[in-house]
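Peer 1: A structural model of the following input is requested.
(chains A, B and C)
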Amino acid sequence: MRSGAAVTGSVIHLFRQDLRLADNAALSAAIALGRPVIPVYILDQESSGPWAPGGASRWWLHHSLRSLETSLAALGSRLILRRGPAAEVVSSLAADCGAHTITLTRGYEPDAVQLEQDLRAALVGSAEVKRFGGNLLQEPESIASLSGRPYKVFTPFYKACLKQPAPRAPIAPPKAIAHPKAWPKGDDLADWGLLPRAPDWSGGLAAEWTPGEAGAAARLDRFLAEAMAAYPTDRDLPGRLGTSRLSPHLHFGEISPRTCWHRVQHILDRDSGKGDAGGQAFLRQIGWRDFSAHLLHHWPQIPDSPFKPEFAAFPWADSAEALAAWQRGKTGYPIVDAGMRELWHSGWMHNRVRMIVASFLVKHLLIPWQAGEAWFWDTLVDADLANNAAGWQWVAGCGADAAPYFRIFNPILQGEKFDPAGDYVRRWVPELAALPDLYLHRPWEAPPEVLAQAGVTLGDSYPHPIIDHKAARARALMALQSMKA
DNA sequence: TTTTGAGTTGTTCGA
DNA sequence: GTCGAACAACTCAAA
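Peer 2: As a prediction, the model looks like this:
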């Protein structure tokens, strides 16, 4: 794996969750040094512990790296792929290439922070690590309450963000990247085995997503042109394309939040007044992303442990069968099953439905939120340590700024309210498609002749409800009572 | 230090 | 069918 010819005086840009050329401050800084740049990505499975990328994330990573390779090649550059403990790999590569500067975009997850430390330690006296922000709008330690402490509540956090100076303008993508006389050797991406085989379950993902910087830009363009104006209402309707669907692109850094912010701001400035609410609401969601990173930065244990420690005593009713029914979309509640099947098929789930299925797992089935978090981690293309942990803890009621305990989503009402015409359920639960709207979200209440006419046989073609809503709600409230006592 | 107002995303019940 | 109140009490953040 060592290079044949020594490459001297070069700069290494270590790509991580910044798989983009545009608005990549670290990459631009590497280029600005005027020396050959060696773009590197390292697959470090040894160091990532329990939160190594799941199956859907690995699929995305493969395609995003392919896209990045192509973009770099168009500039006369390459992407060098290596495997192994990242700090060791970089330091040996730096020695081989005579690189005295390493640039990288700051990461906020415990593993990413650890890598930055290890890298500096490994390179003491031989190379300098230059770190740049860019994957958040605000650095997590730059936002603090008047007492200097990190925020635990979103609204004051976001207000404090809005008082900060506006995010600087995005940096244009580089037009050229100086290349070394000889490239160090690297792996072939195909050998990394990131794609599923036997079976290849990625067809639904490929139909929905275009990983990479161009795909990210196209999603943002579509959102701004077609969906932003109606965002305040349509973002809650899973049957419509009312949200941006940028989450996986943002997670892998194929687009920067600053780019999103400035594009929205530009529209708000242009037509002030009209459609402001949509733009503001969308930026607020980007703010939630910063807030989750802020929480993870200050409380790095949140992926594993409840933020509110008293929840360690919660009387969970762990059931492998119930968990499996939830995972497979066979709970008998149409909106829940639709969501779980959308996730399984496309690697993504609408945000409104994420809340419904999460509430159902934690409150109706009393299954620990960590089990849901782990399932999402493996199946979501946008699986993100901070967002996933903060989201699940919010629903479970054990997080910072969490939902009140008595807020138990009613999956029937939620379905009727947010999928009134049944587009979403009919798409993902086709065996119920012929039911009239009146019974679509509560098929067990349909008269036998209605079921027969729709070709539905409960317990056969579609399951009976795994649990009765009213009883489950009462049980959840009791469990919370007992925890407090 | 004390006080005060507020807190993403909801449901149920009874008038 | 619609509407307002209750569901608890607590913690946070700012004044």
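Peer 1: which strand or helix spans A:His294?
Peer 2: For A:His294, the host element (DSSP states H and E) is helix A:276-298.
Peer 1: check which helices and strands the helix or strand following that helix sits against.
Peer 2: Per DSSP H and E, helix A:276-298 leads on to helix A:320-328 as the next helix or strand towards the C-terminus. Using 3 or more C-beta pairs under 8 Å, 6 or more residues apart in numbering; DSSP states H and E, the elements in contact with helix A:320-328 are helix A:334-346, helix A:369-379. Bear in mind the C-beta positions are built from the backbone N, C-alpha and C, glycine included.
Peer 1: mean pLDDT, distance to A:Trp209 and mean neighbour count for those - can I get that in JSON lines?
Peer 2: Formatted as JSON lines, the helices and strands packed on helix A:320-328 follow (pLDDT from 0 to 100; distance: least, C-beta to C-beta, whole Å; neighbours: other C-beta atoms under 10 Å):
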{"stretch": "helix A:334-346", "mean pLDDT": "97", "distance to A:Trp209": "8", "mean neighbour count": "25"}
{"stretch": "helix A:369-379", "mean pLDDT": "96", "distance to A:Trp209": "14", "mean neighbour count": "21"}
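Peer 1: out of the ones you listed, which comes closest to A:Ser47?
Peer 2: Nearest to A:Ser47, of all the helices and strands packed on helix A:320-328, is helix A:369-379, at 17.0 Å by C-beta to C-beta.
Peer 1: tally of neighbours for A:Glu445?
Peer 2: Using other C-beta atoms under 10 Å, A:Glu445 has 10 other residues around it.
Peer 1: which ones are touching it?
Peer 2: Contact partners of A:Glu445, counting by C-beta atoms under 8 Å, 6 or more residues apart in numbering, are A:Tyr439.
Peer 1: before we move on, the earlier item: where's the helix holding A:His294 relative to the chain centroid, distance-wise?
Peer 2: Distance, stretch centre to chain centre, for helix A:276-298: 13 Å (C-alpha atoms, centre = their mean, to the nearest Å).
Peer 1: hmm, that helix touching DNA strand C?
Peer 2: No. Using C-beta under 7 Å from any atom of the strand, helix A:276-298 stays clear of DNA strand C, with a minimum separation of 9.8 Å.
Peer 1: buried ones in that helix?
Peer 2: Neighbour counts using 16 or more other C-beta atoms under 10 Å place A:278-279, A:282-283, A:285-287, A:289-298 of helix A:276-298 among the buried residues.
Peer 1: next: stretch A:182-194.
Peer 2: So for stretch A:182-194, counting by 16+ other C-beta under 10 Å, buried means A:Trp183, A:Pro184, A:Gly186, A:Leu189, A:Trp192, A:Leu194.
Peer 1: burial measure for the residue nearest to A:Asp276 when sequence neighbours are not counted, as a count.
Peer 2: Excluding its sequence neighbours, the residue lying closest to A:Asp276 (C-beta to C-beta, 6 or more residues apart in numbering) is A:Leu268, at 5.9 Å. A:Leu268 is flanked by 18 other residues according to other C-beta under 10 Å.
Peer 1: alpha carbons only: can I get the helix or strand harbouring A:Leu268 in CSV?
Peer 2: Per DSSP H and E: A:Leu268 is located in helix A:257-270. The C-alpha atoms that make up helix A:257-270 are tabulated as CSV, following Å, rounded to 0.1, in the frame of the first residue of the first chain:
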residue,chain,number,x,y,z
PRO,A,257,-26.1,24.5,5.6
ARG,A,258,-24.7,27.9,4.8
THR,A,259,-25.6,27.3,1.2
CYS,A,260,-29.2,26.5,2.2
TRP,A,261,-29.3,29.5,4.5
HIS,A,262,-28.1,31.9,1.9
ARG,A,263,-30.3,30.6,-0.9
VAL,A,264,-33.4,30.9,1.4
GLN,A,265,-32.3,34.3,2.6
HIS,A,266,-31.9,35.5,-1.0
ILE,A,267,-35.5,34.6,-1.7
LEU,A,268,-36.7,36.2,1.5
ASP,A,269,-34.9,39.4,0.6
ARG,A,270,-36.2,39.4,-2.9
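Peer 1: and that helix, what other elements does it pack with?
Peer 2: Using 3+ C-beta pairs under 8 Å, 6+ apart: helix A:257-270 touches helix A:213-222, helix A:276-298.
Peer 1: ok and that helix relative to helix A:276-298, angle-wise?
Peer 2: Interaxial angle of helix A:257-270 relative to helix A:276-298 (axes from the mean of the first three to the mean of the last three C-alpha atoms, to 10 degrees): 160 degrees.
Peer 1: fine by me, we can end here.
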